[in-house]
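Student: Provided below are the primary sequence and the corresponding predicted coordinates.
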Amino acid sequence: MGSDRANKTARDKTSPVGRALRTVYDDTLRESVPDDFLDLLRKLD
């Protein structure tokens, strides 16, 4: 049963939808943090 889950995960990563989601996720991670948000975080410190 565990290998079925691993196979499904592998298929999801290679599906067109999975690739599109990964691209959006990766692009989001590369975005810079807005200065206003950084200012708020500094105030918490």
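Tutor: Received it, and whenever you're ready, just let me know what you need.

Student: low-confidence regions, the protein specifically.
Tutor: Scanning the chain for pLDDT under 70 picks out 1-2, 6, 8-13.

Student: longest helix in it, please.
Tutor: What stands out as the longest helix in the chain, according to DSSP state H, is helix 16-30.

Student: could you export that helix as CSV, CA atoms only?
Tutor: Taking C-alpha atoms only, helix 16-30 is exported to CSV below (Å, rounded to 0.1, in the frame of the first residue of the first chain):
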residue,chain,number,x,y,z
PRO,A,16,1.1,18.9,-16.3
VAL,A,17,-0.9,20.3,-13.3
GLY,A,18,1.8,19.2,-10.9
ARG,A,19,4.4,20.9,-12.9
ALA,A,20,2.4,24.1,-13.2
LEU,A,21,1.8,24.2,-9.4
ARG,A,22,5.5,23.6,-8.8
THR,A,23,6.4,26.5,-11.1
VAL,A,24,4.0,28.9,-9.3
TYR,A,25,5.3,27.8,-5.9
ASP,A,26,8.9,28.2,-7.0
ASP,A,27,8.2,31.6,-8.4
THR,A,28,6.5,32.7,-5.2
LEU,A,29,9.5,31.6,-3.2
ARG,A,30,11.8,33.8,-5.3
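
Student: by contact count, what packs against it?
Tutor: Under the contact criterion of 3 or more CB pairs under 8 Å, 6 or more residues apart in numbering; DSSP states H and E, helix 16-30 touches helix 2-14. (Glycine included, C-beta is placed from N, CA and C.)

Student: just to revisit the earlier point, the longest helix of the chain: what's the following helix or strand?
Tutor: Going down the chain from helix 16-30, the next helix or strand is helix 35-44, by DSSP states H and E.

Student: quick one: that next one to chain centroid distance?
Tutor: 23 Å (CA atoms, centre = their mean, to the nearest Å).

Student: in the longest helix of the chain, what's buried?
Tutor: Neighbour-count burial for helix 16-30, counted by 16 or more other CB atoms under 10 Å, picks out no residue.
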